[in-house]
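Novice: With the sequence up front, the predicted model follows.
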Protein chains: 2
Amino acid sequence: MDEAPFHRPAKNDFRWEGVECRPYKEDDQALFQAISRQVLFADPNSAAELRYFEVAPGGYSTLEKHEHVHAVLILRGGGHCLVGDTVSRINQNDLVSIPPWTWHQFRATDKEPLGFLCMVNAQRDRPQLPTPDDLKSLNANPAVAAFLRNAPAR
Amino acid sequence: MDEAPFHRPAKNDFRWEGVECRPYKEDDQALFQAISRQVLFADPNSAAELRYFEVAPGGYSTLEKHEHVHAVLILRGGGHCLVGDTVSRINQNDLVSIPPWTWHQFRATDKEPLGFLCMVNAQRDRPQLPTPDDLKSLNANPAVAAFLRNAPAR
């Protein structure tokens, strides 16, 4: 079939037909761990893309900030997220908005994977990673420090 | 809280805190039936919006076409969709792409609601409804005619 199919059925375990699953490599600096990415929609006629990220139990997404916004819906499991200096417990179908230039990270619990949809503009800037000074500032907040130690309040 | 919250928890039955649920009125011409809409994300910094539509058992969305594309993920239940002249059985987490100027409609089964996420460009054209001639052309295809009678092959 030359054209992209209209309908791409879900497979088991949050995979999709015709969608490549890209496991991220473990990062030496431990900025992210045990996360995979699947681009569900990236159409030249669309101004946005929809991706599915999955964090394995105990894993976490990159701690980063950027100009573009994220619109997130939790599709599988639960965990915690950091947005700015706010830590929230997140559950299936919850919505999370990441405003411009706001530190954010998603962490799965130890018990189950955390899978989420993330809508972004097709044209967007590259994420920025925290400097040692940024990390120092973030860790000055006890709730944020606990989150970053992967030990948020339960 | 003046600013929009970062985290909007899901409530029971596919509703969300801070998200208005708009039931569509029943349409005299029966172009759609028993469907509600919730706009989950519509941020001025985002080039796209993410909406959640829910079709009650036996209901259906508007049969329409337009220039803008839809990127759809089935979030709840199942049913059938028409895209162009293709009828597909759809299940939870399936992906459906609606290309430009392509007739499309979603129908729930009689047994359960059909809920789906739909990503669209924030700036988009208005949908066009079928003329009597369009409906005649569509109904010339037996599979499409069965779908429009709400009796697709099971």
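Specialist: That came through fine.

Novice: pLDDT-wise, which helix or strand of chain A ranks last?
Specialist: For chain A, scoring each helix and strand by mean pLDDT, DSSP states H and E identifies strand A:21-23 as the least confident one, at a mean of 85.

Novice: Report the next helix or strand after it in sequence order.
Specialist: Per DSSP states H and E, strand A:21-23 leads on to strand A:33-41 as the next helix or strand towards the C-terminus.

Novice: And that next one, what does it pack against?
Specialist: strand A:15-16, strand A:21-23, strand A:48-60, strand B:70-76, strand B:95-98 (3 or more Cβ pairs under 8 Å, 6 or more residues apart in numbering or on different chains; DSSP states H and E). Glycine gets a C-beta too; all of them are placed from N, C-alpha and C.

Novice: at 10 Å instead, please
Specialist: Here strand A:33-41 touches strand A:15-16, strand A:21-23, strand A:48-60, strand A:104-108, strand A:114-121, strand B:70-76, strand B:95-98, going by 3 or more Cβ pairs under 10 Å, 6 or more residues apart in numbering or on different chains; DSSP states H and E.

Novice: export those strands to TSV and tack on mean neighbour count and distance to residue B:105?
Specialist: Shown next, in TSV, are the helices and strands packed on strand A:33-41 (neighbours: other Cβ atoms under 10 Å in any protein chain shown; distance: least, Cβ to Cβ, whole Å):
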stretch	mean neighbour count	distance to residue B:105
strand A:15-16	17	22
strand A:21-23	12	31
strand A:48-60	21	21
strand A:104-108	25	35
strand A:114-121	23	24
strand B:70-76	23	11
strand B:95-98	24	10
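
Novice: rank those by pLDDT, which is bottom?
Specialist: If the helices and strands packed on strand A:33-41 are sorted by mean pLDDT, strand A:21-23 sits at the bottom with a mean of 85.

Novice: Listing partners with orientation, what would you give for that one?
Specialist: Sheet pairing for strand A:21-23, assigned by DSSP bridges, gives strand A:33-41 (antiparallel).

Novice: Just want the angle from the partner strand to strand A:114-121.
Specialist: Put simply, strand A:33-41 runs at 50 degrees to strand A:114-121, going by axes from the mean of the first three to the mean of the last three Cα atoms, to 10 degrees.
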